[in-house]
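In: sequence plus predicted model, see below.
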Amino acid sequence: MNPFKCLRIFDEGGKTAGRVVEVQLSELSAGEVVIQTAYSSVNYKDALAATGMGKIIRSFPRIGGIDATGTVISSADARFKAGDEVICTSYEFGVGHDGGFSQVCRVPADWVVPLPKGLTLFEAAALGVAGYTAGLAVELLELNGMAPQNGKILVNGATGGVATLAIDMLAKGGYSVVAVTGKDAEHGFLKELGAKEVLGRQGLELGSRPLEKPLWAAAFDSVGGDQLAWLTRTMQQGGLIASFGNAGGIDLKTTVLPFILRGVRLIGVDSGFTPMPLRRKIWQRLAADLKPRHINDIAHLISLADLPAYFSSMLKGQIRGRAVVRMS
Ligand SMILES: NC(=O)c1ccc[n+]([C@@H]2O[C@H](COP(=O)([O-])OP(=O)(O)OC[C@H]3O[C@@H](n4cnc5c(N)ncnc54)[C@H](OP(=O)(O)O)[C@@H]3O)[C@@H](O)[C@H]2O)c1
């Protein structure tokens, strides 16, 4: 196989930097399945990893990217064969194992999901870890009783990747979604995705009492910190919070009162290590009832060379929706 391009992340005297370079297949981490990558995508974790803003990568150099979709070139595992269209995300991909910002990936067969009917390789990458996390959060909250008739659903960090896809999925499912965003110019876009109301982040009255007026039946939290603390104080009786993000901080300062007086449930969502049967179930749902209606408005294409600038904008909270990286 000829050399191919990838975004490789280096540690240069304690400074982390990602650069587009050429590598050979033999330089990639080991695995049974070799994939011709069609698309990758950009997640917050990728931006943290490639810039060193988060201590995500444990050994260097490392090809970044926690998402890839593509076609199997060869497989030493009987579950996959050349020509199969597949998705690879999560586990150690792009962290402890070379990842998806590469025209060719080599991965353990245990991490590979067959592309479900109903999704193209582009759509699956546009969903990627972000869409998977939104879908997993919907599944976990539904298991705990989330239903459209229970009341409003708050989604914060609303223009982000996970949140835009979550708004679209929830609106499609008949939920009444309230979006919180820091971007005044994007209220119209969020309404087009299906948000019934949009609140400006800067204008939020966070309050400080252990329990505030109950407002939300459920919440999808990309942000953490003060916003998550506010959510715990403003949930209705039996309210459900999916906590998956830390775009605004990792602290959580609240009291036990929401939990012991309102029965609020704080449900952690980890996309990284979901057991494969549940992972496949979520991907099936993402191709069917949870498939967002506005994927093409949420996602846009970029190239490998665009990645460093995109990481920087993402960490400043300046992006909207999902960037899909075209690999061919
Ligand atoms: N647990 C998991 O398995 C999992 C999986 C995927 C992602 N995540 C996490 O979920 C979060 C969202 O991921 P993503 O890929 O959707 O990221 P993203 O596309 O960068 O979206 C994050 C959004 O949060 C808002 N935001 C940014 N900085 C903020 C701040 N200082 N205070 C309040 N809001 C801020 C912005 O939206 P507005 O401008 O609209 O407010 C931004 O667009 C990240 O923390 C990520 O690490 C976790």
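Out: Yep, it's here.
In: could you check stretch 211-226 and say which residues are buried?
Out: Using 16 or more other C-beta atoms under 10 Å as the test for burial, stretch 211-226 gives 211-212, 214-225. From N, CA and C alone the C-beta is placed, and that goes for glycine too.
In: can you name the residue of this protein nearest to the ligand?
Out: Nearest residue of the chain to the ligand (C-beta to the nearest ligand atom) works out as Gly160 at 2.0 Å.
In: which residues of the protein lie near the ligand?
Out: Neighbours of the ligand within the chain, by C-beta under 6 Å from any ligand atom: 43-45, 129-130, 133, 157-163, 181-183, 201, 222-223, 244-248, 269-272, 314, 317, 319.
In: go again using 5 Å as the cut-off
Out: Applying C-beta under 5 Å from any ligand atom, we find that the chain lies next to the ligand at 43-44, 130, 133, 157-162, 181-183, 222-223, 244-248, 270-271, 314, 317.
In: out of those, which sit inside strands?
Out: Thr181 (DSSP state E).
In: buried subset of the residues of the chain next to the ligand as a PyMOL selection?
Out: Only the buried entries of those go into this PyMOL selection, using 16+ other C-beta under 10 Å:
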select buried, resi 43+44+130+133+157+158+159+160+161+162+181+182+183+222+223+244+245+246+247+248+271+314+317
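In: confirm for me that Asp80 is in contact with Ala109.
Out: Let me fix one detail, which is that residue 80 is Phe and not Asp. Yes: using C-beta atoms under 8 Å, Phe80 is in contact with Ala109, at 6.1 Å.
In: any common contacting residues for those two?
Out: Here Phe80 and Ala109 share the contacting residues 32-33, scored by C-beta atoms under 8 Å, 6 or more residues apart in numbering.
In: I'd say the residue of the chain closest to the ligand and Ala247 touch.
Out: Yes: counting by C-beta under 8 Å, Ala247 is a contact partner of Gly160 at 6.7 Å.
In: shared neighbours, these two?
Out: Joint contacts of Gly160 and Ala247 (C-beta under 8 Å, 6+ apart) are 44, 222.
In: how about the helices of the chain, start to end?
Out: 44-51, 121-143, 161-172, 187-193, 225-234, 257-261, 276-286, 295-298, 307-315 (DSSP state H).
In: avg pLDDT for the second one?
Out: Averaging the model's pLDDT scores along helix 121-143 yields 98.
In: tell me which residues of it are tucked away?
Out: In helix 121-143, counting by 16+ other C-beta under 10 Å, buried: 121-141.
In: the fourth one now?
Out: Buried residues in helix 187-193, defined by neighbour count with 16+ other C-beta under 10 Å: 187, 189-191, 193.
In: with pLDDT and distance to Val72 added, can I get these in CSV?
Out: Output for these, formatted as CSV (pLDDT from 0 to 100; distance: C-beta to C-beta, whole Å):
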residue, pLDDT, distance to Val72
His187, 98, 43
Phe189, 98, 36
Leu190, 98, 38
Lys191, 98, 41
Leu193, 98, 33
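In: list the contacts for the closest residue to the residue of the chain closest to the ligand other than its chain neighbours?
Out: Closest residue to Gly160 apart from its sequence neighbours, by C-beta to C-beta, 6 or more residues apart in numbering: Ser222 at 5.3 Å. By C-beta under 8 Å, 6+ apart, the contact set of Ser222 is 155-157, 160, 162-163, 244-245, 247.
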